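Peer 1: Predicted model follows, preceded by the sequence.
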Amino acid sequence: MELRHLRYFIRVAEERHFTRAAARLNMQQPPLSQQIRALEQELGFDLFKRHPKGVDLTAGGLVFLEEARIILARVEHGALKASRVAQGIEGTLAIGFTSSAAAHALIPRIIRAYRERYPAVELAINEGSARELTEAAIEQRIDIGILRAPVSTHQSLTFHRLLNEEMLLVLPIGHALLSDADSAIPLTALKHERFILVRRPGAPGMYANLIKACQNAGFEPKIAFEVERMLTNVSLVAAGEGISVVPASMRDVHRESVVYCRIKDAKPTLLAPITLVRRTFNPSAPLQNFIELARELGVVYRKG
């Protein structure tokens, strides 16, 4: 039994006449009659009572008509849904992000624009460290991670850099270095300070760059605390436990308790990237659409 047999049967049932049904199907009447007779033989019962003026449905035919319509409707719905998923119009997308990446204005802008453009795609959004998100991408527990610098490479992963932003020094209000009228503070002025940093596994690129910049400035930084999240950095600075360096997009966090300053003379330049991480192989259409939109808005943001 094929779907065309169901369509033939439904046309004959609607017209109650083989010749009229054949005309609607753009075929000759004898082949149509043969197809219906073959269907009846396969089913093991008559679908129609034939008479000189046409046909009437049998009791079995009435039941089969309802089921045939349901089957065709389900097939059509399934084909439409599969097509929409293949185009990325429907489906699911699991997104993970770090708290510091989410603090950048571009990230909520991307997610909002994606929801507006693809409202039928269900988003699952989770927070984690860069290391956690990278592992989740490898294990396919998320489709895409939004983080700062990559914490590791893996043969199954692809990284997309959206932008770089400046890193700012975070000092508690009233700190002695804030007495200088110059808003930018040289890195050498920090050699006696206690640093609060994200743990190396969580942000190795930015961590390593800061350590290297301090060493190039002639000192080894004193690490007071290593924490899991950059938001914790700022909270500890606000509590007077030390100083930190965070992406510029976080400069509104705890503004009543801390001051954000530019850093000068750092070599290498201290930058905080925003990076997308995903599995390389067989990306879904919703994921491909997300990446294209993120890149598009990233270009617009950089130009603005």
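Peer 2: Noted; the coordinates are in hand.
Peer 1: Below-threshold pLDDT in the chain: ranges please.
Peer 2: Filtered on pLDDT under 70, the chain yields the residue ranges 180-182, 200-204.
Peer 1: what about the strands in it?
Peer 2: Using DSSP state E, the strands assigned to the chain run over residues 48-51, 54-57, 91-97, 121-127, 144-147, 157-172, 184-186, 194-198, 222-227, 244-247, 258-264, 271-279.
Peer 1: now these as CSV including distance to Arg112 and mean neighbour count?
Peer 2: (C-beta placed from N, C-alpha, C; glycine too.) Shown next, in CSV, are these (distance: least, C-beta to C-beta, whole Å; neighbours: other C-beta atoms under 10 Å):
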stretch, distance to Arg112, mean neighbour count
strand 48-51, 57, 13
strand 54-57, 54, 17
strand 91-97, 13, 20
strand 121-127, 11, 14
strand 144-147, 14, 26
strand 157-172, 16, 18
strand 184-186, 34, 15
strand 194-198, 27, 22
strand 222-227, 29, 15
strand 244-247, 20, 26
strand 258-264, 26, 19
strand 271-279, 16, 22
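Peer 1: In TSV: those, plus distance to Leu287.
Peer 2: Formatted as TSV, the strands of the chain follow (distance: least, C-beta to C-beta, whole Å):
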stretch	distance to Leu287
strand 48-51	51
strand 54-57	49
strand 91-97	6
strand 121-127	10
strand 144-147	6
strand 157-172	11
strand 184-186	41
strand 194-198	27
strand 222-227	31
strand 244-247	25
strand 258-264	35
strand 271-279	6
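Peer 1: Which residues are in contact with the spatially closest residue to Gln28 that is not a sequence neighbour?
Peer 2: Excluding the flanking residues, the one nearest Gln28 by C-beta to C-beta, 6 or more residues apart in numbering is Ala22, at 6.0 Å. Ala22 makes contact with Gln28, Gln29, Pro31, Leu32, according to C-beta atoms under 8 Å, 6 or more residues apart in numbering.
Peer 1: mind checking how far the first one is from Val55?
Peer 2: The gap separating Gln28 from Val55 is 17 Å, by C-beta to C-beta, to the nearest Å.
Peer 1: quick one, what contacts Ala272?
Peer 2: Ser100, Arg148, Ala149, Asn164, Glu165, Glu166, Met167, Met206, Val246, Pro247, Ala248, Ser249.
Peer 1: same thing with Gln35?
Peer 2: Gln35 is in contact with Arg4, His5, Tyr8, counting by C-beta under 8 Å, 6+ apart.
Peer 1: Chain neighbours aside, what residue packs nearest to the last one?
Peer 2: What that stands for is Tyr8. Gln35 is the one closest to Tyr8 (C-beta to C-beta, 6+ apart), at 5.2 Å.
Peer 1: Could you pick out the buried ones from the contacts of Ala22?
Peer 2: Among the contacts of Ala22, the ones that count as buried by 16 or more other C-beta atoms under 10 Å are Leu32.
Peer 1: The contacts of Ala22 in helices, which ones?
Peer 2: Of those, the ones assigned to helices by DSSP state H are Gln29, Pro31, Leu32.
Peer 1: With Ala105 as the reference, measure out to the residue lying closest to Leu162 once chain neighbours are set aside.
Peer 2: Computed as C-beta to C-beta, 6+ apart, the closest residue to Leu162 that is not its neighbour in sequence is Gly298, at 4.0 Å. The gap separating Gly298 from Ala105 is 12 Å, by C-beta to C-beta.
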